[in-house]
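1. Got a sequence here, can you build the structure:
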Amino acid sequence: MSNGERINDKNLTKAWTVWGIASFFYLYEMVLRVSPSVMTNEMMVSFNATTTMLGVLVSFYYYAYTLFQLPCGFVLDRIGPRNLLGVSTVLCGIGALIFAHTEHLYVAEIGRFLIGAGSACAFISSLHVASVMFPAKYFVTLAGATNMMGTLGGLFGELPVAKLVNTIGWRQSLYLFAILGFVLLILILAFIPKNEPKVKASKKKGYSESITATIVVVAKNKQILFSAIVAALMYLPIAAFSELWAVPFFMSKCGVNNEVASIVSSALFIGVAVGSVLLAMVARKWNSYMKVIKLSAVMISLLFVLLIYTDVGLYASYAIVFTIGIFTGAQVINFTCVRNNSTGETLGAALAWTNAIIMFVGSIFQSSLGYLLDLFWNGCFSEGGTRVYDVVCYRKSFVVLPLAVLVAYVVALLVKETIGEGTEERISRK
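-> Here you go, the predicted model:
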């Protein structure tokens, strides 16, 4: 079944089932990814950690995620998602168990690393399924829907997890997530077939089986690189803000507890869920991916300035963060640009290369913001002995966020439009 063919009801049901399970795994790993944002104070006490140490701990997820992206893309092009997703859920479950059980920071870093390794294939597996099991014209919409699933995971990882942590504790919460991972493993083994339609067909005569050669082919494509950089910088509202530092920022700025702060932070994920699908539709309506991407980058930067450097109240902050989330939803459109600049044999590698750059940049900004917060810290401690960071400290540290997203706009000027007639069928012809 090629991308351009109409698929019958049986194949369509199969396609939706495979994509649904793959995208649910993406939702699950996003819960694991963002949950530390509502556990910061508890983990700082448990591990006797500073914000720099906590930033490094959380970033171990990204180190593994980035490291395993390209191997996952290479394997995905050859064996399909079933075995890859199965192994990944096991790694996530074991990583969550280790993280929850240990009293030592370095062991927690190992657990976080395993979660990152297990999560590496989640997003690209869903996109790969969308590309090879559905008609090509639906890819940008399915990419948006995949991103929506991830942001729903981010949403569940905020307020619901905050309530869970406050009720049963952060360690017990992670034990529950580990159990859920093993339940998901059963679904993967039961419903995802061993091979998907196009995997074996990709092994054409003369095509290199070398992962190094595949990476070189992808890395030399400047359009893929430019799109990846834009995607990485536009992902910072999630990676560098909501996933770790948004909750303590709003606790300091608005004087609220972690549950209320997580509601404001969750607004970003709701916005991204809406924007991922809405802006994909707008791009098709305007017949331009790049107009939507460039407009979104400018709006994100301006809204960040408004959020960080003005004394807006809690409800106004909710509205601003929600709007930032909507425009952040345009970030996933960059993956369509990557897809349209890839061949069928290197699709998984190209998606993985892009995602690796996104996660690497996210890890750098997460730990860098932790360093900046310690740098601008005014020396105050809480009654429990942890460091207290005031709103002035956050404002000095967060200046890098709107500036980085403006850089995304500049790089986007170098990306060629790929929505033109026939472009979306390019991959199936190759």
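2. Which secondary structure element of this structure has the lowest mean pLDDT?
-> Least confident helix or strand, the chain: helix 426-429 with a mean of 40, by mean pLDDT, DSSP states H and E.
3. Check Gly4 and give its pLDDT.
-> Gly4 is assigned 43 on the pLDDT scale.
4. try Gly379
-> Residue-level pLDDT assigned to Gly379 equals 75.
5. Look up phi and psi at it.
-> phi 90, psi 0 (degrees, to the nearest 10).
6. Also Thr310?
-> Dihedral angles for Thr310 - degrees, to the nearest 10 - are phi -120, psi 160.
7. Use 14 as the first number from now on
-> With the count now opening at 14, the last piece we talked about shows up as Thr323.
8. ok, it - how many residues close by?
-> Thr323 has 10 neighbouring residues, counting by other CB atoms under 10 Å. Glycine gets a C-beta too; all of them are placed from N, C-alpha and C.
9. Kindly report the same for Val231.
-> Residues near Val231, counting by other CB under 10 Å: 26.
10. That one touches Leu360, doesn't it?
-> No: counting by CB atoms under 8 Å, Val231 sits too far from Leu360 to count as a contact (9.7 Å).
11. I'd guessed Ser138 sits against Trp32; true?
-> No: assessed by CB under 8 Å, Ser138 is found out of contact with Trp32, at 9.4 Å.
12. Between those two, point out the one with more neighbours.
-> A direct count of neighbours by other CB under 10 Å for Ser138 and Trp32 places Ser138 higher, at 31 against 24.
13. Pull the distance from the helix or strand in which the more buried one is found to the chain's centre.
-> In this structure, Ser138 sits in helix 135-146 according to DSSP states H and E. How far helix 135-146 lies from its chain's middle: 14 Å, per CA atoms, centre = their mean, to the nearest Å.
14. That helix packs against which elements?
-> The elements that helix 135-146 packs onto, with contact taken as 3 or more CB pairs under 8 Å, 6 or more residues apart in numbering; DSSP states H and E, are helix 22-47, helix 64-92, helix 94-114, helix 152-169, helix 346-353, helix 360-388.
15. The same query, at a cut-off of 6 Å, please.
-> Applying 3 or more CB pairs under 6 Å, 6 or more residues apart in numbering; DSSP states H and E, we find helix 135-146 packed against helix 22-47, helix 152-169, helix 360-388.
16. Show me what it is in contact with.
-> 28, 31-32, 35-36, 38-39, 42, 86, 89, 94, 98, 152, 155, 159, 209, 211, 361, 364-365, 368 (CB atoms under 6 Å, 6 or more residues apart in numbering).
17. Could you tell me the angle between that helix and helix 152-169?
-> Calculated by axes from the mean of the first three to the mean of the last three CA atoms, to 10 degrees, helix 135-146 forms an angle of 150 degrees with helix 152-169.
18. and helix 135-146, what's its mean pLDDT?
-> 85.
19. So which of the helices and strands packed on helix 135-146 is nearest Leu416?
-> helix 360-388 (11.3 Å; CB to CB).
20. Which is the succeeding secondary structure element to the closest one?
-> helix 404-410.
21. Check which helices and strands that following helix sits against.
-> For helix 404-410, the packing partners by 3+ CB pairs under 6 Å, 6+ apart come out as helix 259-267, helix 360-388.
22. Mind doing that once more with 8 Å?
-> With contacts taken as 3+ CB pairs under 8 Å, 6+ apart, helix 404-410 sits against helix 259-267, helix 302-322, helix 360-388.
23. ok, for Ala77, nearest residue in space, not its chain neighbours?
-> Of all residues not flanking Ala77 in the chain, Gly129 sits nearest, at 3.2 Å (CB to CB, 6 or more residues apart in numbering).
24. Surely the one you found touches Phe73?
-> Yes: using CB under 8 Å as the test, Gly129 is close enough to Phe73 to be in contact (6.5 Å).
25. Would you mind telling me which of those two has the busier surroundings?
-> Using other CB under 10 Å, the more surrounded residue of Gly129 and Phe73 is Gly129, with 28 against 24.
26. Just the element for that one, please.
-> helix 118-132.
27. Go through that helix and flag the buried ones.
-> 118, 121-132 (16 or more other CB atoms under 10 Å).
28. For the stretch 164-313 of the chain, which residues score under the pLDDT cut-off?
-> 208-224 (pLDDT under 70).
29. all helices for it, in order.
-> Here the stretch 164-313 of the chain has its helices, by DSSP state H, counting those that start in this stretch, at 172-181, 183-204, 224-232, 235-247, 249, 259-267, 271-299, 302-322.
30. Determine which stretch of these is the most buried.
-> Highest mean neighbour count among these (mean count of other CB atoms under 10 Å): helix 249, with a mean of 27.
31. Show me what it is packed against.
-> Using 3+ CB pairs under 8 Å, 6+ apart as the test, helix 249 ends up in contact with helix 360-388, helix 413-425.
32. Could you tell me the least trusted of these?
-> Looking at the helices and strands packed on helix 249, the weakest mean confidence is helix 360-388, a mean of 83.
33. Give me the buried stretch members for it, please.
-> Buried positions in helix 360-388, judged by neighbour count with 16+ other CB under 10 Å: 360-383, 385-387.
34. if we can go back for a sec, using a markdown table, please lay out the helices of the stretch 164-313 of the chain together with distance to Thr102.
-> Shown next, in a markdown table, are these (distance: least, CB to CB, whole Å):
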| stretch | distance to Thr102 |
| --- | --- |
| helix 172-181 | 19 |
| helix 183-204 | 4 |
| helix 224-232 | 23 |
| helix 235-247 | 25 |
| helix 249 | 28 |
| helix 259-267 | 27 |
| helix 271-299 | 22 |
| helix 302-322 | 33 |
